[in-house]
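A.B. asks: Build the 3D model from these lines:
(chains A and B)
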There are 2 protein chains.
Amino acid sequence: MFFKEFSGFLLLTGYASASCLHGTSHLLRRATPDGGVEVSKFGYTELEGPLHWAGLSTDNSACAIGTRQSPINMDSSIHTVAEAPQICIPSVESAEFENLGSTVEVIVNGTATFDGTNYSLKQFHFHTPSEHRIDEEYFPLEMHMVHEATAPDNSSRIAVVSALFQLTADGSTTDLITNVTKNLAEIATPGTVTETGPLDFTSLSAQLTTTPLLQYTGSLTTPPCAEGVMFLVTQKPLPLNVATFNAIKSVVKFNSRFTQNELGEPNLLVVAANKLKNVTASSNGTAS
Amino acid sequence: MFFKEFSGFLLLTGYASASCLHGTSHLLRRATPDGGVEVSKFGYTELEGPLHWAGLSTDNSACAIGTRQSPINMDSSIHTVAEAPQICIPSVESAEFENLGSTVEVIVNGTATFDGTNYSLKQFHFHTPSEHRIDEEYFPLEMHMVHEATAPDNSSRIAVVSALFQLTADGSTTDLITNVTKNLAEIATPGTVTETGPLDFTSLSAQLTTTPLLQYTGSLTTPPCAEGVMFLVTQKPLPLNVATFNAIKSVVKFNSRFTQNELGEPNLLVVAANKLKNVTASSNGTAS
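C.D. replies: Numbers count the residues shown, from 1 in each chain, chains lettered A, B, ... in the order given. Now for the predicted structure:
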């Protein structure tokens, strides 16, 4: 394990110094003509929530019947990567920071090379509480860095590098998240957009390429819950202070899909529906 | 609102000084002959999780078909109580502190008088993250104080006084929770039991009778999900420090049932099952 982590760090160092740490850019994208962003058509409560996503659109059927769905509880059956990804995210003076209703999201450029494939970073966003669990335990915050690559057959591959966070009693934190959320109060309303503070990814990239990453192939954790998505999840959480956490939670509210069944096992909604037939047969229930 | 809260405080003061604040007791109860406690037969992951509770036992049908289930998102349709409860929990030198697998629980005596009914406090336990949300936002910890009363027809009435907690950046906390969890490390394994530190409920009782409490009638949030349970939930969270939160989370892991449908609306599992029929009809899914 030590050798693998160490070699990953060497790869990062060489790669980053060649192309990552020089210069800054200023990326700005507006999704709607009025300067706002489109609000997600799904949510996390009642009839808009995760139990009902397949009912919101026929495009979302995988949410209800997919058998390799995310998030999952990661136990000893999930292994860490043998070779760390090469991650390169140029520093920016600021980046677009959007409230999509379903999450808050930052638009940035970057690359990740893993297992021979070159992925492009499209955005990162937050879930609170965490979607993934490790040995049943959850974490207060999870950051999903969403990457895309084009496969040889021209199809799209998605890889999500996921950082879990743990709150610290001494107030230590991950400065990147402090700077991301500098103007969070300006996007308290879904559909609004602002800018982050200056973002320097050097420290985060180093952490993500030297810490063990748990790897598995699951799905998008939001509609349409498409499968074939590779996850690389930090086995050890990164530090986060309470002020930043409370600020994110006050805007995001709650956006964590329930933990799915073991990979390859029937979708929990299918299991529940089949059991419900027995319940209603013996209880005169309301299912029809 | 001010008058109601104030009168509630007066009631508490008179009641507590008469019967609550004098003397201590030492309550000890062992549930199994070997000195341990019985571990719950349900969990929060995969096939033991909340989507499947009705499948674990025929006694749990309400979990899948009940239409007034807890927890809920509490929006403006949920009102605060007109008159505060009278709460009396004698101080104890220590109390039994159990790890049931599904939660950690403290066995204490006490009383709560509300709306003309005298309830007996049986135990309190914790959920992390919170089960209830307020205007969609969740909280890191929720404490359920479970009370029982005997109705005129000899049936049992259950009332849960629920305290929500918010993490503090300055480390301020609710001392009672610090003392409850003093020996938490000794019950890291489900089925084990230890003792709390000295518990003084004076401050908590005062808070619960002077802060607005949101009231509604729902269900047990664990199997068998029986309905007719009255909830009184703090509208403003109590303070909690990170060290105590992380310690509780490391033992409890995750034990929060997913938010249920609006009171009186069909159970979300019934809605999901009915929608699944459409999904499988158009997708050749695996539901049978």
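A.B. asks: Let's test this: name the helix or strand in chain A with the lowest mean pLDDT.
C.D. replies: helix A:2-19 (a mean of 35; mean pLDDT, DSSP states H and E).
A.B. asks: what ranges do the helices span in chain A?
C.D. replies: Along chain A, the segments classed as helices by DSSP state H run A:2-19, A:53-56, A:62-65, A:175-180, A:202-210, A:242-252, A:268-283.
A.B. asks: what about those, which gets the closest to A:Ser94?
C.D. replies: helix A:175-180 (9.2 Å; CB to CB). (Glycine included, C-beta is placed from N, CA and C.)
A.B. asks: Let's have the helices of chain A in JSON lines, adding distance to A:Thr113.
C.D. replies: Output for those, formatted as JSON lines (distance: least, CB to CB, whole Å):
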{"stretch": "helix A:2-19", "distance to A:Thr113": "8"}
{"stretch": "helix A:53-56", "distance to A:Thr113": "32"}
{"stretch": "helix A:62-65", "distance to A:Thr113": "28"}
{"stretch": "helix A:175-180", "distance to A:Thr113": "21"}
{"stretch": "helix A:202-210", "distance to A:Thr113": "11"}
{"stretch": "helix A:242-252", "distance to A:Thr113": "30"}
{"stretch": "helix A:268-283", "distance to A:Thr113": "35"}
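A.B. asks: hey, which of those helices is tucked in deepest?
C.D. replies: helix A:62-65 (a mean of 26; mean count of other CB atoms under 10 Å in any protein chain shown).
A.B. asks: what packs against that helix?
C.D. replies: helix A:53-56, helix A:268-283, helix B:268-283 (3 or more CB pairs under 8 Å, 6 or more residues apart in numbering or on different chains; DSSP states H and E).
A.B. asks: where do the strands sit along the stretch 101-250 of chain A?
C.D. replies: In the stretch 101-250 of chain A, the segments counted as strands under DSSP state E, counting those that start in this stretch are A:104-114, A:117-127, A:133-134, A:141-150, A:156-167, A:193-195, A:213-219, A:227-234, A:238-240.
A.B. asks: Chain B is nearest to which of these?
C.D. replies: strand A:156-167 (4.8 Å; CB to the nearest CB).
A.B. asks: what about the closest one and chain B, touching?
C.D. replies: Yes: using CB under 8 Å from any CB of the partner chain, we find that strand A:156-167 touches chain B at A:Gln166, A:Leu167.
A.B. asks: Pull up the pairing partners for that strand, direction included.
C.D. replies: strand A:141-150 (antiparallel), strand A:227-234 (parallel), strand A:238-240 (parallel) (DSSP bridges).
A.B. asks: how about those strands in a markdown table, adding mean pLDDT and mean neighbour count?
C.D. replies: Formatted as a markdown table, the strands paired with strand A:156-167 follow (pLDDT from 0 to 100; neighbours: other CB atoms under 10 Å in any protein chain shown):
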| stretch | mean pLDDT | mean neighbour count |
| --- | --- | --- |
| strand A:141-150 | 97 | 21 |
| strand A:227-234 | 98 | 21 |
| strand A:238-240 | 98 | 21 |
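A.B. asks: A:Val251 is nearest to which of those strands?
C.D. replies: So among the strands paired with strand A:156-167, strand A:141-150 is nearest, using CB to CB, at 12.4 Å.
A.B. asks: Kindly calculate the angle that the closest one makes with helix A:242-252.
C.D. replies: In terms of direction (axes from the mean of the first three to the mean of the last three CA atoms, to 10 degrees), strand A:141-150 departs from helix A:242-252 by 70 degrees.
A.B. asks: Alpha carbons of strand A:141-150, as PDB, please.
C.D. replies: Taking C-alpha atoms only, strand A:141-150 is exported to PDB below (Å, rounded to 0.1, in the frame of the first residue of the first chain):
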ATOM      1  CA  LEU A 141     -20.400  16.300   3.600                       C
ATOM      2  CA  GLU A 142     -19.500  14.700   0.300                       C
ATOM      3  CA  MET A 143     -18.000  16.500  -2.700                       C
ATOM      4  CA  HIS A 144     -18.500  14.900  -6.200                       C
ATOM      5  CA  MET A 145     -16.000  15.900  -8.900                       C
ATOM      6  CA  VAL A 146     -17.700  14.800 -12.100                       C
ATOM      7  CA  HIS A 147     -15.400  13.800 -15.000                       C
ATOM      8  CA  GLU A 148     -16.300  12.700 -18.500                       C
ATOM      9  CA  ALA A 149     -14.200  10.900 -21.200                       C
ATOM     10  CA  THR A 150     -15.000   9.700 -24.700                       C
END
